[in-house]
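Novice: Structure for this input, please:
(one chain, ligands or ions: 1)
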Amino acid sequence: MRLLKSGCFWLLSVACAVSTAACSPTAAQTAGQAPAARAAILFEGARVIVGDGTTTIDNAAFVVQGNRITSIGRSGEVQAPAGATRVNLSGKTVMPALVDLHSHIGYEDTTANDEDEKNFTRANVIDHLERFAYTGHALTHSLGNDNPGMFDVRYADNPASFVDLRAESQRDSFTGARYYTIGRGLAWEGTGNPRSSAPYPIFKPLQARLAVRELHAQGIKFAKLWLEDRGGYQIPGEKGPFVLSQDSYTAAIEEAHRLGMKTIAHVKTLADTKAMIRAGLDIQTHPIQDVAVDAELLALLKARPNFWVIPVITPAGQGGSAPRAPGERPKWLDDPLLRAVKCDAHLESWGQSFVKSKRVPTPTGNLTGENIAALRKAGVRMALGSHDAGGTRPLGWGSHMELEAFVNWVGMTPREAIVAATSDAAKLLGVDDQLGTLAVGKSADFLVLDANPLDNITNTRKIADVYLRGTKLDRAAMAARWKAACGRTRAT
Ligand SMILES: [Zn+2]
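Specialist: Residues are numbered from 1 along each chain as shown. Coordinates of the predicted model:
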């Protein structure tokens with residue numbers, strides 16, 4: 001009986017990972033409770049940023065029925081269905097919920113401010129998905145460190161496993177952001193603490209091929225390749241570098257393409273980036289950090305119009321997303337949105353580290369910002385990744401920093417930054433049939449903002465309400481729960 005049930009959930013999970021169309025609420029709800037009928041809601045009076053990069057509707061009206069947008073236009077032109085509830089959003093701005101393509105969830109104990117694989121439980125992953133929802137995300141894409149015991153079908157009889165969470169997170173009743181995962185990435189043995197034991201340890205091309213085949217069998221669409229020596233196993237007597245070999249990552253890319261998958265690499269040097277692009281890499285995440293990008297790289301990219309970059313330029317501990325003076329404590333540490341998802345005590349000690357640090361972001365974002373700006377200027381496609389994991393990368397916060405960095409350092413307009421965080425991110429992941437824009441037929445996933453992010457991109461942090469799948473989140477209850485867990489009340 002148990003096996004049968006698990007098998008069913010697995011099929012559903014795979015269907016969801018392969019095709020979002022198969023994850024309509026009707027399909028997802030067959031595994032759970034029957035949907036409750038919900039009255040239509042007419043939202044009127046807001047400025048709506050559609051997310052397509054061109055359209056803003058002033059004094060807009062839109063109708064949500066169940067989890068879908070069924071009508072959108074100007075106030076007065078949109079008919080409310082009989083019995084519809086009306087919500088007045090005058091003075092507010094509405095934009096699509098964010099789609100985050102790079103996170104590492106499940107590891108942080110947010111109360112202890114401690115990242116450890118022992119924390120990777122179903123309950124903790126759901127808590128993190130709720131933090132992403134609170135901060136305005138429709139979805140986060142967990143990039144390669146998921147504990148195999150938790151999502152792999154072979155562990156489905158383990159009561160702690162959550163092989164079904166991919167499907168469960170699509171349901172209307174789910175209170176967090178959608179959970180998309182690439183499962184386990186491919187890396188040199190032992191690299192990347194504290195998340196080093198989850199990825200496949202790869203020394204040889206055959207291991208790379210087998211790992212990619214296994215991911216494919218689990219419905220995973222992207223294979224992650226880490227190409228960095230991050231404290232991994234060192235072969236005695238050899239000099240290194242101890243990283244994925246060129247023949248191993250080439251085998252992984254070939255195998256992925258043979259199976260209709262794409263590859264995404266954590267790669268930070270110019271030479272490695274060129275070599276991986278020549279091997280057929282599809283997506284780079286992280287900026288090049290060793291030297292300035294050169295004409296040869298730009299020429300390689302020009303020949304690859306479908307290549308994408310997920311920049312991840314604000315590892316927040318290194319200074320954030322705007323210029324500031326030496327020793328200055330960033331003002332965003334006091335942002336109520338950040339204060340809701342991160343304990344006060346941990347923000348205090350983080351703030352102190354800025355006061356002591358001599359590191360100062362330049363007006364260009366240093367070499368990393370300049371390199372991403374150069375790629376952007378050359379026309380390389382970009383989508384947002386928060387890189388949130390815990391510690392100084394608070395869960396749910398990084399996307400808002402990254403949006404600001406896109407404007408300050410990469411040269412995007414606020415509208416272009418929003419596109420990278422919504423419709424373009426949804427396109428790259430293949431979920432643009434549901435997410436990323438506000439249009440008829442799309443899932444009703446949107447933010448209600450107190451100020452217009454087209455005027456100032458940091459206004460994406462001024463969130464009045466979040467709606468996911470047509471339902472308003474109870475954000476006050478979420479924040480109260482997290483604050484209580486922090487062990488002390490907020491200083492007033
Ligand atoms: Zn990462």
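Novice: ok, now which ones touch Ile220?
Specialist: In this structure, Ile220 makes contact with 17, 181-183, 261, judged by CB atoms under 8 Å, 6 or more residues apart in numbering. C-beta here means a position set from N, CA and C on the backbone, and glycine is covered the same way.
Novice: Kindly report the same for Leu215.
Specialist: So Leu215 contacts 182-184, 223, 261 (CB under 8 Å, 6+ apart).
Novice: Next: Thr250.
Specialist: Listed by CB under 8 Å, 6+ apart, the contact set of Thr250 reads 205, 279-280.
Novice: can you do 6 Å?
Specialist: When contacts are counted by CB atoms under 6 Å, 6 or more residues apart in numbering, Thr250 touches Ala279.
Novice: Read off the pLDDT value for it.
Specialist: For Thr250, the pLDDT comes out at 98.
Novice: now swap in Glu228 and tell me
Specialist: The model reports Glu228 with a pLDDT of 89.
Novice: Against Met276, how distant is it?
Specialist: According to CB to CB, to the nearest Å, Glu228 and Met276 sit 12 Å apart.
Novice: Let me have the contacts of Leu215 in TSV, adding secondary structure and neighbour count as columns.
Specialist: Conversion of the contacts of Leu215 to TSV gives the following (DSSP: H, G, I helix; E, B strand; the rest coil; neighbours: other CB atoms under 10 Å):
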residue	secondary structure	neighbour count
Ile182	coil	22
Gly183	coil	27
Arg184	strand	25
Ala223	strand	30
Met261	coil	21
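Novice: Which two among those residues are spaced furthest apart?
Specialist: Using CB to CB, the contacts of Leu215 span at most 13.6 Å, a distance reached by Arg184 and Met261.
Novice: one step back: for Ala97, state which of the contacts of Ile220 is nearest.
Specialist: Nearest to Ala97, judged by CB to CB, of these is Thr181 at 18.5 Å.
Novice: So what's the residue count around the closest one?
Specialist: Thr181 is flanked by 27 other residues according to other CB atoms under 10 Å.
Novice: again, but for Gly53
Specialist: By the criterion of other CB under 10 Å, Gly53 has 16 neighbours.
Novice: Does Ala177 touch Leu129 like I think?
Specialist: Yes: with contact defined as CB atoms under 6 Å, Ala177 reaches Leu129; the gap is 5.0 Å.
Novice: More neighbours: which of the two?
Specialist: The residue with more neighbours, out of Ala177 and Leu129, is Ala177; 31 against 27, by other CB under 10 Å.
Novice: The residue nearest to the more buried one when sequence neighbours are not counted and Val466, how far apart?
Specialist: Nearest non-adjacent residue to Ala177, counting by CB to CB, 6 or more residues apart in numbering: Phe132, 3.8 Å away. Computed as CB to CB, the Phe132 to Val466 distance reads 10 Å.
Novice: Who does Glu44 form a beta bridge with?
Specialist: Ala61, Asn88 (DSSP bridges).
Novice: and what of Trp308?
Specialist: Beta-bridge partners of Trp308, as defined by DSSP bridges: Ile283, Arg381.
Novice: What count of nearby residues applies to it?
Specialist: Neighbours of Trp308 under the rule other CB under 10 Å: 20.
Novice: if I look at the residue nearest to the spatial centre of the chain, how far off is Asp424?
Specialist: The chain has Asp100 as the residue nearest its centroid, 2.2 Å off, counting by CA atoms, centre = their mean. From Asp100 over to Asp424 the distance is 12 Å, taken as CB to CB.
Novice: Same check on Pro205?
Specialist: Pro205 sits 33 Å away from Asp424, going by CB to CB.
Novice: the more surrounded of these two?
Specialist: A direct count of neighbours by other CB under 10 Å for Pro205 and Asp424 places Asp424 higher, at 23 against 18.
Novice: close enough to count as contact, the more buried one and Ala383?
Specialist: Yes: contact between Asp424 and Ala383 holds when scored by CB under 6 Å: they sit 4.8 Å apart.
Novice: Next up, identify which helix or strand Ala133 is on.
Specialist: According to DSSP states H and E, Ala133 maps onto helix 122-134.
Novice: For stretch 190-197, which residues meet the burial criterion?
Specialist: 190-192, 194-196 (16 or more other CB atoms under 10 Å).
Novice: As TSV, those residues with pLDDT would be great.
Specialist: Compiled in TSV, these are given as follows (pLDDT from 0 to 100):
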residue	pLDDT
Gly190	86
Thr191	85
Gly192	83
Pro194	85
Arg195	86
Ser196	85
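Novice: okay, those residues in JSON lines with distance to Leu375 and secondary structure next?
Specialist: Formatted as JSON lines, the buried residues of stretch 190-197 follow (distance: CB to CB, whole Å; DSSP: H, G, I helix; E, B strand; the rest coil):
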{"residue": "Gly190", "distance to Leu375": "31", "secondary structure": "coil"}
{"residue": "Thr191", "distance to Leu375": "25", "secondary structure": "coil"}
{"residue": "Gly192", "distance to Leu375": "24", "secondary structure": "coil"}
{"residue": "Pro194", "distance to Leu375": "30", "secondary structure": "coil"}
{"residue": "Arg195", "distance to Leu375": "27", "secondary structure": "coil"}
{"residue": "Ser196", "distance to Leu375": "29", "secondary structure": "coil"}
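Novice: The nearest residue to Gln79 once chain neighbours are set aside in helix, strand or coil?
Specialist: Spatial nearest neighbour of Gln79, excluding adjacent residues (CB to CB, 6+ apart): Ser71 at 7.0 Å. With DSSP: H, G, I helix; E, B strand; the rest coil as the basis, Ser71 sits in strand.
Novice: can you check the one 5 residues further on too?
Specialist: Assigned with three-state DSSP, Gly76 falls in the coil class.
Novice: From Gly45, how far out is the spatially closest residue to it that is not a sequence neighbour?
Specialist: Excluding the flanking residues, the one nearest Gly76 by CB to CB, 6+ apart is Ala61, at 7.4 Å. Ala61 sits 8 Å away from Gly45, going by CB to CB.
Novice: the more surrounded of these two?
Specialist: A count of neighbours by other CB under 10 Å puts Ala61 above the other of Ala61 and Gly45, at 23 against 17.
Novice: these two touch, right, that one and Ile41?
Specialist: No: assessed by CB under 6 Å, Ala61 is found out of contact with Ile41, at 10.9 Å.
Novice: circling back to that earlier point, which pair of the contacts of Ile220 spans the longest distance?
Specialist: Across the contacts of Ile220 (CB to CB), the longest gap, 13.8 Å, separates Thr181 and Met261.
Novice: Next, work out how far apart Asp114 and Gly391 are.
Specialist: Using CB to CB, Asp114 is found at 8 Å from Gly391.
Novice: Mind checking which of these two has more residues around it?
Specialist: Legend: neighbour count by other CB under 10 Å for Asp114 and Gly391, higher for Gly391 (18 against 14).
Novice: Need the per-residue pLDDT for the more buried one.
Specialist: Looking at Gly391, its pLDDT is 92.
Novice: and if you look at Pro148?
Specialist: Predicted confidence (pLDDT) for Pro148: 75.
Novice: Could you do Leu225 as well?
Specialist: You'll see Leu225 listed with a pLDDT of 98.
Novice: Burial check on it, number of neighbours?
Specialist: Leu225, neighbours per other CB under 10 Å, totals 26.
Novice: Quickly note the distance from it to Val419.
Specialist: Separation of Leu225 from Val419 (CB to CB): 27 Å.
Novice: Now do the strands in the stretch 151-300 of the chain.
Specialist: Counting by DSSP state E, counting those that start in this stretch, the segments of the stretch 151-300 of the chain that form strands are 178-181, 186-187, 200-201, 222-226, 262-266, 283-285.
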